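> give me the fold of what follows.
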Amino acid sequence: MSHHKIERHHLEKTAYVYLRQSTPTQVKNNRESQRLQRRMQEHVEKLGWPTRQIRLLGGDTGRSADTLHGRDDYQTILQAVLEQTAGLVAARELSRLVRDNQDWGQLIRLCRFQDVLLCDEHRVYDANDPQDRVMLGIQGAFNEFELAVITNRMQESRRNMARRGELYEGFPPGYICRQPPVQEKHPDSRVQRAIEKIFAEFEKVPSVYALFHQLAKDDFQIPMIVDGNDWRELTWRQPSYDQLLEMLKNPIYAGIYVRGRREVVRQLDEHGNAVKRERRVPRDQWDVYIEDHHEAYIDKHVWERNMQKIESNGRGTAAAKGSPGKGVSLLAGLLRCHRCGQKLHVHYSQDDVRYTCRGGAVRRDRRGQRCFSFASSTIERRIAEQILEVVSPAGIEAAELAARQLAAARQQQRQLLVDRLEAAQEAETRAARQYKLTDATYTTVRQKLAAEWDETLQKLHDEKQRLAEFDAAVTTAVADDERDQLLQLSSDLPRVWFDDETDMVLKKQIVRTLLEEIIVDLDEERDEIVLWLHWSGGHHTELRHPRRTRRRASLSDLQAIVSTLRKMLSDESLASVLNRECIPTPSGDTWTKSRVSGFRRQHKIPIYSERTKLASGWLTQAEAATKLEISPMSVSRLVESGILAAEQPRRGLPSVICEPDLATGMVLDAVRQLKTAQPRPLPHDPAQLTLFPTTNS
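Numbers count the residues shown, from 1 in each chain. The predicted model follows:
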């Protein structure tokens, strides 16, 4: 069969037959459509093209035609048209090629000027023929219109199902749908206990990141149903951080059906191609929100509390406090400047922590000028005393609650181990049965089944050992001496709170639970820091504290300080250092150059001498850093860790380092590690205490 529009030069070139289906579901289920499209090859052969010059392109199956992005086979056709190696572009329906009218017009234009024919199952089109060009243009407009109608019809059907709470796009771990449209918990009690543990553990930790590390440490696993498998076929895997975050934020676990948490928007990428991107939708703009829709794992209020914790731990909004870390700043993320409304920044130094507001320069056009700053130590102690005053009356009740929670947590942990043991026993039984039922003549099969049986036996042995170790180390019930210890701690909360080994993260959690935020201002006339404590219950407390605290030192301490610092500092510089550290004179005054000189003469302390300094090999921290070719902060770490000897009369004051001490083997090894980016030589963190310890007797 020939056609009057087909000429010899067309037949000498390649004919491209384009195959495409819009979605992976269509590719999987609509097999007849694939067969009909492939029959276009026979149609093209009848038009006169030999089989060797017909090229089938089916790599774009499962992709929509509303965009050119990601459709490599279509790009191949365009390239062939541009290079004049194509004589015909064929598809069973030309709408398979492209649904966007603008892109369709581009294809027609290219085929017109490169003299390439278009063909569907009914007709051959020549873009140089005005009538064919009109027909093709009408087809392009209709293709785009048809796609819009189909899409709108499908979306409206889905919206109607969603309004009834019957539209599901997969189920999160812990939920199944055996009888649509009813959604229910997975009937396996082990699955339910695993999901419940995630939410129970999140109540105890400060952040999702801490939860992830805690569960990874416990080798915790969550149930997963592989797509397309029966709900009874479970796989157990360690959860990723993203999985935990999505589970904690998903309202489905609170029995709430929602629709519209995310939406797909079309945008142009850097190459001008229309691409689809997904973005989160604010909660007040969700399309569907149905409470008490199905059986819940947690209460709605628990989900709300979890969302508040996650949002508070973020850093993208003004209300976010950031997740509590292990830093020594108790109030980080809670302080807000009364003058400019900005959060205060935390500055760590060797001696103390300072809170600084840097927002004044931006908000009041005062370049380089900060609102104010202050040291944290004494102010944090006063706020801690306020916290303890609030929680102390509930100390005994908290101890009893801690004992009950401790027993429940131990019981829950043991039950999870029992569940894993039972699952291992079931797997071993199945493997043994499969091996025994296999005919002995199938040697290769029996060898593989025997290996699988051995593997399940090893897993069963490991789970038994894990449970035995837990039972040997932990009793699920709280012993009397443990309860007495908790009651004793509850009656002496200040001692526990101010102990250096008490867990800082836990203290920050308590502070953030009780306080929404703290507004801070500086009373410049009285040189006082003013704090307004906004409690979670809605009450407010005002605190005032001197901005600078005089750090009295005994006469012998002053002698030691001046005697050490005069090795490195002149009398004038020494006075500045003492005033900066708020160390007054014996009479309570500030230091001046003459007062330092008089104090030295009175106590027969030599004056600073550059010659003596050089002869004795005394170095400042910065000078030692220059000689070692590392940073001053690294030198400070070496001193703190005891690797580098230094003379420091009081924490926060400058250190005096002897040059010969820089050449010791320990120092040189540590410096080599620092320069090669190996772990820093810091001392090992001591064991930390918590307010409610879970140690066993």
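> which parts of the stretch 201-350 of the chain are helices?
208-217, 241-249, 300-313 (DSSP state H, counting those that start in this stretch).
> which residues are contacting the shortest one?
Helix 241-249 is touched from outside by 172-173, 195, 198-199, 202, 208-209, 211-212, 215, 222, 239, 253, 306-307, 310, with contacts defined as Cβ atoms under 8 Å, 6 or more residues apart in numbering. Quick note: C-beta positions are derived from backbone N, CA and C, even for glycine.
> and what of stretch 81-91?
With Cβ under 8 Å, 6+ apart as the criterion, stretch 81-91 contacts 6, 9-20, 37, 40, 43-44, 47, 49, 77, 80, 97, 107, 110-111, 114-120.
> how far does it sit from its chain's centre?
49 Å (Cα atoms, centre = their mean, to the nearest Å).
> can you check stretch 36-56 too?
53 Å.
> span of it from start to end?
Start-to-end span of stretch 36-56 (Cα to Cα, to the nearest Å) is 13 Å.
> who touches it?
1-3, 6, 11, 13-17, 19-20, 87-88, 90-92, 96, 119, 121, 124.
> 6 Å - rerun?
1-3, 6, 11, 14-17, 19, 90, 92 (Cβ atoms under 6 Å, 6 or more residues apart in numbering).
> same deal with stretch 109-116?
81, 84, 86, 127-128.
> before we move on, what about stretch 216-230?
173, 191, 194, 231, 234-239.
> farthest-apart pair in those residues, please.
By the measure Cβ to Cβ, W231 and Q238 form the most distant pair in these, at 21.1 Å.
> quick check: next helix or strand after the helix-or-strand element of the chain with minimal mean pLDDT?
Least confident helix or strand, the chain: helix 360-363 with a mean of 50, by mean pLDDT, DSSP states H and E. Per DSSP states H and E, the first helix or strand lying C-terminal to helix 360-363 is strand 372-375.
> which is the succeeding secondary structure element to that next one?
helix 377-391.
> beta partners of L118?
With DSSP bridges applied, L118 shows beta-bridge pairing to V89, Y125.
> return the distance of it relative to H10.
Distance, L118 to H10, by Cβ to Cβ, to the nearest Å: 11 Å.
> how about L531?
In terms of Cβ to Cβ, L531 sits 85 Å off from H10.
> over to L449?
For L449, the distance to H10 - Cβ to Cβ - is 61 Å.
> and what of L653?
92 Å.
> V265 too?
Taken as Cβ to Cβ, the span from V265 to H10 is 42 Å.
> neighbour count winner among these two?
H10 (21 against 9; other Cβ atoms under 10 Å).
> which one is that one nearest to, not counting chain neighbours?
G87 (4.0 Å; Cβ to Cβ, 6 or more residues apart in numbering).
> which SS state does the one you found fall under?
strand (DSSP: H, G, I helix; E, B strand; the rest coil).
> returning to what we had before: any of the contacts of stretch 81-91 buried? List them.
By neighbour count, with 16 or more other Cβ atoms under 10 Å, the contacts of stretch 81-91 hold 6, 10-11, 13, 15-20, 37, 40, 43-44, 47, 49, 77, 80, 97, 107, 110-111, 114-120 as buried.
> now, which of these lie within strands?
Secondary structure from DSSP state E places 15-18, 117-119 of the buried ones among the contacts of stretch 81-91 in strands.
> among these, which pair sits farthest apart?
Y18 and L117 (13.6 Å).
> sorry, back to before: count the residues that sit near the residue nearest to H10.
G87: 25 neighbours (other Cβ under 10 Å).
> ok, now F599?
F599 has 20 nearby residues by other Cβ under 10 Å.
> counting neighbours, what do you get for the closest residue to it other than its chain neighbours?
Nearest residue to F599 in three dimensions, chain neighbours excluded: V562, at 6.2 Å (Cβ to Cβ, 6+ apart). Using other Cβ under 10 Å, V562 is surrounded by 20 other residues.
> that concludes my questions; thank you for your assistance.
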